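**Student:** just need the structure, nothing else, for what follows:
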Amino acid sequence: MNKIGTYEFLAEPFHCDFSQHLFMGHLGNHMLNAADFHSSARGFGMKYLLTINRSWVLSRLAIEMDEMPVQYTKFNVETWVESAMRYFTSRNFRVVGEDGKVYGYGRSIWAMIDTETRQPTDIFAIDNGAINNWIVKDKECPIDKGGRVKMSDDATFVRTIDTHYNDVDINGHINSVKYIEHILDLWPIDWYRTHRIRRFEIAYVAEAHAGDQLSFFKESGVGSQESGVGSQESGVGSQETVDISRASAPPYPRTSVFNIRITKSSPDGPVEVCRSKVIFAATE
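**Tutor:** This next block holds a predicted model:
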């Protein structure tokens, strides 16, 4: 069996936005499904893990797209394990059309938890470390791995939402992709008429559950970026350098960078749940 898994998907029309391009949330779902198909076929997937009170949970996800597939387009998500440590493993993705056109890439970090204690467990304890047999170190994934999203004390409160049945996944917590959707709803639809998502990254810090209230805080910066050239992005209360270029990427004359913090309410005060960075490219 090939170490790299390739899985076909369709940009179904009701999975696309008003511009007829695939929603970022649905692309994220396709990547997570590809990860499960790949791991299940090789003996360390969710179906098996749940029988021994184990589960994969997503820790970090970064998706960088040159273009989103349009409705009715068939495309493949390739996925492979880049590395594995005792408590974390890294998995990469490539989104490619039937004609070989590369739409973009993804990087992810996963942890394995005990479903009863909710604590990390030893990945190498599964089938005597069989995951090591599937590591691919030499396949290119030419996007930044990402890092901790820096937030200042001046981030603006945007809104608080309630969580419900449709937010919860098989692990009993708020679904990873639901956070993506809630974050991208922080911008009005008119924003998306002149901007597209160039890169989305998110780091999950703590679990949230049905009934938790989630509060969203946002800060932003706008700068210039030419393909192959790094730039200074001016953020609120901080300066950060963002290089989103790849040799194959077309030029993006202007990008907008936003940092997001999500907290949940608790008796002891707000608890940070995750942080996200969204980079938009102007389309006009």
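**Student:** how about the CA coordinates for the lengthiest helix in the chain, as CSV?
**Tutor:** When the chain is parsed with DSSP state H, its longest helix is helix 24-41. The C-alpha coordinates for helix 24-41 follow below in CSV (Å, rounded to 0.1, in the frame of the first residue of the first chain):
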residue,chain,number,x,y,z
MET,A,24,-13.1,26.8,3.3
GLY,A,25,-15.0,24.9,5.9
HIS,A,26,-15.9,22.2,3.5
LEU,A,27,-12.3,22.0,2.2
GLY,A,28,-11.2,21.5,5.8
ASN,A,29,-13.8,18.7,6.2
HIS,A,30,-12.4,17.0,3.1
MET,A,31,-8.9,17.2,4.5
LEU,A,32,-10.0,15.7,7.8
ASN,A,33,-11.9,12.9,6.0
ALA,A,34,-8.9,12.2,3.9
ALA,A,35,-6.8,12.0,7.0
ASP,A,36,-9.3,9.5,8.5
PHE,A,37,-9.5,7.4,5.3
HIS,A,38,-5.7,7.3,5.2
SER,A,39,-5.1,6.3,8.8
SER,A,40,-8.0,3.8,8.9
ALA,A,41,-6.7,1.9,5.9
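**Student:** how far off centre is it?
**Tutor:** Relative to its parent chain, helix 24-41 has a centroid offset of 11 Å by C-alpha atoms, centre = their mean, to the nearest Å.
**Student:** for the stretch 101-250 of the chain, which segments count as helices?
**Tutor:** All helices of the stretch 101-250 of the chain, identified by DSSP state H, counting those that start in this stretch, fall at 176-184, 189-194.
**Student:** wait, what's in contact with the residue lying closest to M24 once chain neighbours are set aside?
**Tutor:** Spatial nearest neighbour of M24, excluding adjacent residues (C-beta to C-beta, 6 or more residues apart in numbering): I197 at 5.4 Å. No exception for glycine: its C-beta is placed from N, CA and C like everyone else's. I197 sits next to M24, M65, M68, L184, V278, I279, F280 when contact means C-beta atoms under 8 Å, 6 or more residues apart in numbering.
**Student:** the fifth one contacts R196, doesn't it?
**Tutor:** Which is V278. No - using C-beta atoms under 8 Å, V278 is not in contact with R196, being 11.0 Å away.
**Student:** more neighbours: those two, which one.
**Tutor:** Between V278 and R196, V278 has the larger neighbour count (other C-beta atoms under 10 Å), namely 24 against 18.
**Student:** which residues of the protein fall in strands?
**Tutor:** Applying DSSP state E to the chain gives strands spanning 5-10, 54-65, 74-84, 88-97, 102-114, 156-162, 195-204, 213-223, 231-235, 238-242, 255-264, 271-282.
**Student:** ranking the ones you listed by mean pLDDT, which is last?
**Tutor:** Among the strands of the chain, strand 231-235 carries the lowest mean pLDDT, a mean of 29.
**Student:** in CSV: the helices of the stretch 101-250 of the chain, plus distance to F217.
**Tutor:** Putting the helices of the stretch 101-250 of the chain into CSV (distance: least, C-beta to C-beta, whole Å) gives the following:
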stretch, distance to F217
helix 176-184, 11
helix 189-194, 18
